[in-house]
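[1] What would the 3D arrangement of this be:
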Amino acid sequence: MQAAASNIEDFNPDVPYKLDRNLALEMVRVTEAAAVACSKWIGMGDSDAADQAAVDAMRTALNSIDVTGTVVIGEGERDQAPMLYIGEKVGLGSGPVVDIALDPLEGTSICAKAAPNALAVVAMAEEGGFLNAPDVYMDKIAVGPGLPEGVIALENSTEANLKNVAKAKGVDVSDLLVVVLERDRHSKLVADLRQAGARVQLIGDGDVAGIIAATRPETGVDMYMGIGGAPEGVLAAAALACVGGQMQGRLIFEQSGEGDQTIDDAQKENARRMGITDLNRVYTRKELARGDVMFSATGVTSGWMLDGVRRYPGGATTHSLVTRTRTGTARFVHTEHNFRIKKEV
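    Predicted coordinates:
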């Protein structure tokens, strides 16, 4: 098993661990619980039911962990209590104080269609470790580990970013594979990528999986580019903090309708309430997720890196990735779940 690059430069070795490494396995149990719960809805065409099943299972699992946790990246604002909302307190309340970023089912429509790369995702950091991103869009660009610092930048042209990455990897631009969400807003980006000679893999949903894929050589993915959700950007940055890679993100304030470019002042005001002072700032990976970070993802449907949940009479199997910044080690966990035995989460 290949260990990912460490980001040890983020840390002072004289500072003690804030998050016990045993929490990593607890986080795997959390994402496993969410993945197994929503797996009953794979291919059923009901994305809302799948999402709710994942939320309920993830909340129960989180509340069994010995942490004092606050959800800072969740599924809605404070008045949306049925979901895991921003500001919700989770955990037993007797362990370390942590901030939690989560998506119980990243790719609800993917799950509903039984398409690839749906995930259950949780990241945990010491208090203040995550950008409190509002639920708006974010323009993102990301690459995996082992490349010179500054090889990508949102301010660069698409062609310049491709040339820089190709040069750093010692390949031609035509060898690069770039993942982009298949949206009307990306028509020019896709055209520019192909005009420059790069290959493009369009995905219907799941940009967290798309960004993480750029860190794993077996996926064949070299870069991620395009506009997706800002909360998902923070989750992806948490994964990159652990396994290596670079990312930049800029918040995009507009109404949520597809292709609607109307500026929404309410979104800007909400961002200010969440502590965003510079609405045009380009955030680096280290500004999106920093400090002692742990990340866990369990496959719901099979994809680039993780197998999906396999259900059988009386049980199921899951495949998860868990990693942390302190070591940069990526562990893949295969678990057999026995439904016939009643047990705690």
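
[2] wait, doesn't Ala120 sit right on Thr108?
    No - assessed by C-beta atoms under 8 Å, Ala120 is found out of contact with Thr108, at 11.3 Å. Heads up, the C-betas are built off the backbone N, CA and C, glycines and all.

[3] Go through whichever strand or helix holds Arg29 and flag the buried ones.
    Using DSSP states H and E, Arg29 sits in helix 22-39. Neighbour-count burial for helix 22-39 flags 23-24, 26-39 (criterion: 16 or more other C-beta atoms under 10 Å).

[4] what pLDDT, on average, does that helix get?
    What helix 22-39 shows for mean pLDDT is 95.

[5] Which elements pack onto it?
    helix 47-62, strand 97-106, strand 119-126, strand 293-299, strand 315-324, strand 330-338 (3 or more C-beta pairs under 8 Å, 6 or more residues apart in numbering; DSSP states H and E).

[6] Tell me the helix or strand right after the shortest one.
    On the C-terminal side of strand 293-299, the closest following helix or strand by DSSP H and E is strand 310-312.

[7] and Arg216, what does it touch?
    By C-beta atoms under 8 Å, 6 or more residues apart in numbering, the contact list for Arg216 reads Gly144, Trp304, Met305.

[8] hmm, back to that, of all the helices and strands packed on helix 22-39, which lies closest to Gly150?
    strand 293-299 (21.8 Å; C-beta to C-beta).

[9] Residues touching the closest one, excluding its own?
    By C-beta under 8 Å, 6+ apart, strand 293-299 touches 19, 23-24, 27-28, 30-32, 34-35, 118-125, 129, 208, 212, 238-239, 241-243, 305-309, 318-325.

[10] so what strands line up beside it?
    Strand 293-299 has the following strand partners under DSSP bridges: strand 119-126 (antiparallel), strand 315-324 (antiparallel).

[11] Which pLDDT value goes with Met1?
    34.

[12] One more: Lys286?
    For Lys286, the predicted pLDDT is 94.

[13] Give me the more crowded residue out of Ala120 and Thr108.
    Under the neighbour definition other C-beta atoms under 10 Å, Ala120 and Thr108 were set side by side, and Ala120 has more, 32 against 24.

[14] Just list the residues touching that one, thanks.
    With contacts defined as C-beta under 8 Å, 6+ apart, Ala120 is in contact with 31-32, 34-35, 38, 54, 58, 103-106, 297-298, 300.

[15] Now it. Nearest residue, chain neighbours left out?
    Counting by C-beta to C-beta, 6 or more residues apart in numbering, Ala120 lies nearest to Ala34, which is 3.8 Å off, once chain neighbours are set aside.

[16] can you tell me how far the one you found sits from Val122?
    8 Å (C-beta to C-beta, to the nearest Å).

[17] Which residues are in contact with each of those two?
    Common neighbours of Ala34 and Val122 (C-beta under 8 Å, 6+ apart) are Met58.

[18] And stretch 230-240, how far out from the chain middle?
    From the chain centre to the centre of stretch 230-240 is a distance of 4 Å (C-alpha atoms, centre = their mean, to the nearest Å).

[19] whoops, I mixed them up, stretch 229-249
    How far stretch 229-249 lies from its chain's middle: 6 Å, per C-alpha atoms, centre = their mean.

[20] rewinding a little: what angle do strand 330-338 and the helix holding Arg29 make with each other?
    Helix 22-39 and strand 330-338 are oriented at 50 degrees to each other (axes from the mean of the first three to the mean of the last three C-alpha atoms, to 10 degrees).

[21] residues in contact with Thr301?
    Ile42, Gly107, Ile110, Cys111, Ala114, Ala115, Pro116, Asn117, Ala118, Gly308, Val309.

[22] Check the gap between the residue nearest to the first one when sequence neighbours are not counted and Asp307 for me.
    Read that as Ile42. Distances taken as C-beta to C-beta, 6+ apart place Ala114 nearest to Ile42, at 5.1 Å, with adjacent residues excluded. Per C-beta to C-beta, Ala114 is found 14 Å from Asp307.

[23] Buried residues of the lowest-mean-pLDDT helix or strand in the chain, list them for me.
    In the chain, the helix or strand scored least confidently by mean pLDDT, DSSP states H and E is helix 265-273, which has a mean of 82. Residues of helix 265-273 classed as buried by neighbour count (16+ other C-beta under 10 Å): Gln267, Lys268, Asn270, Ala271.
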